[in-house]
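Q: Show me how the following folds:
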Amino acid sequence: MRGRHKQEQGAARQPFAAVLAAAGALWLGLAASAEAQSWSERNVDHTPPLEEIRTSLDEARKTGDPAALEALAEEGRRLFEARFIREEGAGRPMATQAIVPTKRKRAVENSFNRMPGPDAAACSGCHHQPVIGGAGDFTANVFVSEGFESADFDTSDPQFSNERGTNILQGSGLIELLAREMTAELKAQRAEAVRKARADKVPVTAQLETKGVSFGKVTAHPDGTIDVSAIDGIDPDLVLRPFSQKGVFASLRQFTVNALNVHHGMQAQERFGSMWTGTADFDMDDVTDEIRPEHVSALVAFQATLPAPGRKQDLPDDWKAAAARGEDLFAATGCTACHRPSLPLDSLAFEDPGPVEGAGTLRRQDVETPLVLDLSTLAWVKALPRDEKGRVLVPLYGDLKRHQISGQRNNRLGNELLGQRFVERDVFITAELWGVGNTAPYGHRNDITTLHEVIMAHGGAAEDTQKAYAALSEEDRQAVIAFLRSLEVGK
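A: Here you go, the predicted model:
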């Protein structure tokens, strides 16, 4: 089946960016195929091969022309909004939602299952508030079945799954680039400690700090062993994983491959294909190699190029004055200790696959050269502020670090029963606030309706800050809310 599609693609192949633009941002290179007519319900036939995408991007980089990147992102948007159908692989009758390919004991009875999935026909089914790629309401919550990820029963019992709200994807390309640079710097600090300990034959302690954010410390010993017990807010391997509410996914590619299987039953060849599982049809639905690397790359490009959230424009005078005062109070109460207004970014070259991809996701060694998405060519990136060193200041209002967010006195945000990927149940990555003004509801479960309420829910490491906010006058608290409500995803 896949061989026939490849033959048809080869016969109709044309330059990527040109055809995509001429087709009104739809790849119609397979128009001769009945399955790929403009009215077809199929979605995956249109995407050009990975090598053709790479050639178009490389040629465009030489001139600084954003057309090829914008075309790839538009193809990714089409796939993001696509309603996947059974004939192209939607559903996973004999595979579970597990990240590691896992067989079911018996075929699933229903094509859609709210808790173990598949639970959505399209990515945009959950990521749509206030625009495509955004957040989701409580009704779009997902269930992270960490301890029972291979279960084939349908339950929302918190003993078996953690219920999570949908995060925004706007600005995620910049987030991943920040994480890559921070990871590289932390690893360099560790490597220097190891080198010095061996050279001087004494233990060496290195403070782990990057872009102004501290991640504790490591102690290297002369024999090459490393004490990682004092690392804080990151895994012992020092890989910063900025995605998901627990901070457990390192890249958009990994996040996308996971989500395609979990939510749609669409298995990516790079994880579920014959190289890893010995079969091209792991879920046994008679559709082989459902999602190829080029599909994932297009989806990654769409997410990576989504504009960063900004400030609400044309505020009424009273809101503008309150927001200005609220921004000062937000810092004075200690909120910016974690919700940092910006972090500096050196490079805008987004390589896909990235440097820290793991098994089951396309890796650097799996391709001759990675795709390079030059984000510096995008108009919204050019509008971002820069520091005195020329670095882009990413206005995320976060620190990409995990913190304990609940305690004995206030455990509103510690209501999960299961840990995830060895992250304690009351520990979450700092939420980026740059789109908080128009992406309610709040909290990791989407069950907190107002900004005041979610601030008051902070405990644990944030308890002192919560108390400082609570001690403000009502007028000053409302000023903080006015400031936060001015941070929004653009429409």
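Q: Please spell out which residues along the longest helix belonging to the chain are buried.
A: Longest helix in the chain by number of residues (criterion: DSSP state H): helix 172-200. Of the residues in helix 172-200, those buried by neighbour count under the rule 16 or more other Cβ atoms under 10 Å are 172-183, 185-187, 189-190, 193-194, 197. Bear in mind the C-beta positions are built from the backbone N, C-alpha and C, glycine included.
Q: next one: stretch 230-243
A: I231, G233, I234, D235, L238, V239, L240, R241, P242, F243.
Q: Do me a favour and get the end-to-end distance for it?
A: 23 Å (Cα to Cα, to the nearest Å).
Q: can you list contacts of stretch 319-333?
A: Applying Cβ atoms under 8 Å, 6 or more residues apart in numbering, the external contacts of stretch 319-333 come out as 315, 336, 339, 465, 468-469, 472, 476, 478-486.
Q: scratch that, stretch 260-273 is what I was asking about
A: Here stretch 260-273 has contacts from 84, 88-92, 95, 97, 99, 101, 117-123, 126, 142, 257, 280, 282-283, 285, 289-293, 295-296, 360-362, 366, using Cβ under 8 Å, 6+ apart.
Q: Can you tell me which of the residues you listed are classed as buried?
A: 84, 88-92, 95, 97, 99, 101, 117-123, 126, 142, 257, 280, 282-283, 285, 289-293, 295-296, 360-362.
Q: Let's see which of those residues end up in strands.
A: Taking DSSP state E as the definition of strands, those contribute V142.
Q: avg pLDDT for stretch 230-242?
A: For stretch 230-242, the mean per-residue pLDDT is 98.
Q: And the closest residue in space to E290 that isn't next to it in sequence, how far from T288?
A: Sequence neighbours aside, G89 is the residue nearest to E290 in space, at 3.3 Å (criterion: Cβ to Cβ, 6 or more residues apart in numbering). Relative to T288, G89 is positioned 8 Å away (Cβ to Cβ, to the nearest Å).
Q: hmm, back to that, run the chain-centre distance for the longest helix of the chain.
A: Mean-position distance between helix 172-200 and its chain equals 21 Å (Cα atoms, centre = their mean, to the nearest Å).
Q: what ranges do the helices span in the stretch 301-450 of the chain?
A: With helices called from DSSP state H, counting those that start in this stretch, the stretch 301-450 of the chain shows them at 317-332, 379-382.
Q: Show me the beta-bridge partners of V372.
A: E351 (DSSP bridges).
Q: what's near enough to touch it?
A: Contacts of V372 by Cβ under 8 Å, 6+ apart are L57, D58, R61, A349, F350, E351.
Q: quick one: terminal-to-terminal distance for stretch 229-239?
A: Note: stretch 229-239 ends 16 Å apart using Cα to Cα.
Q: And the contacts of it?
A: Residues outside stretch 229-239 that contact it (Cβ under 8 Å, 6+ apart): 183, 186-187, 190, 208, 214-219, 228, 240-241, 250, 356, 401-403, 422.
Q: Narrow those to those that are buried.
A: By 16+ other Cβ under 10 Å, the contacts of stretch 229-239 give 183, 186-187, 190, 208, 215, 217-219, 228, 240-241, 250, 356, 401-403 as buried.
Q: quick one on the thing from earlier: touching, the residue nearest to E290 and D286? I think so.
A: No: with contact defined as Cβ atoms under 8 Å, G89 and D286 do not form a contacting pair (9.0 Å).
Q: How about the backbone phi and psi for the residue nearest to E290?
A: The phi/psi pair for G89 (degrees, to the nearest 10) reads phi 120, psi 0.
Q: Would you mind measuring from it to G76?
A: Separation of G89 from G76 (Cβ to Cβ): 18 Å.
Q: which stretches of the protein form strands?
A: 142-144, 162-164, 204-210, 213-220, 226-227, 310-311, 343-345, 349-352, 371-374, 392-394, 402-404, 427-429, 487-488.
Q: can you list contacts of the fifth one?
A: Yep, that's strand 226-227 we're talking about. R190, A193, V194, V218, T219, A220, H221.
Q: can you tell me which residues contact G216?
A: Contacts of G216 by Cβ under 8 Å, 6+ apart are L208, A230, I231, D232, G233, I234.
Q: Leaving out chain neighbours, which residue sits closest to it?
A: D232 (3.4 Å).
Q: What of L393?
A: S342 (4.1 Å).
Q: quick one: the one you found from Y469, how far?
A: Taking Cβ to Cβ, one finds S342 at 21 Å from Y469.
Q: Among the two, which residue is more densely surrounded?
A: More crowded of S342 and Y469, by other Cβ atoms under 10 Å: Y469, with 22 against 19.
Q: How many residues are close by the nearest residue to that one once chain neighbours are set aside?
A: Distance criterion Cβ to Cβ, 6+ apart; nearest residue to Y469, sequence neighbours excluded, is T333 at 5.0 Å. Neighbour count of T333, defined by other Cβ under 10 Å: 22.
Q: how near is T333 to H452?
A: Taken as Cβ to Cβ, the span from T333 to H452 is 13 Å.
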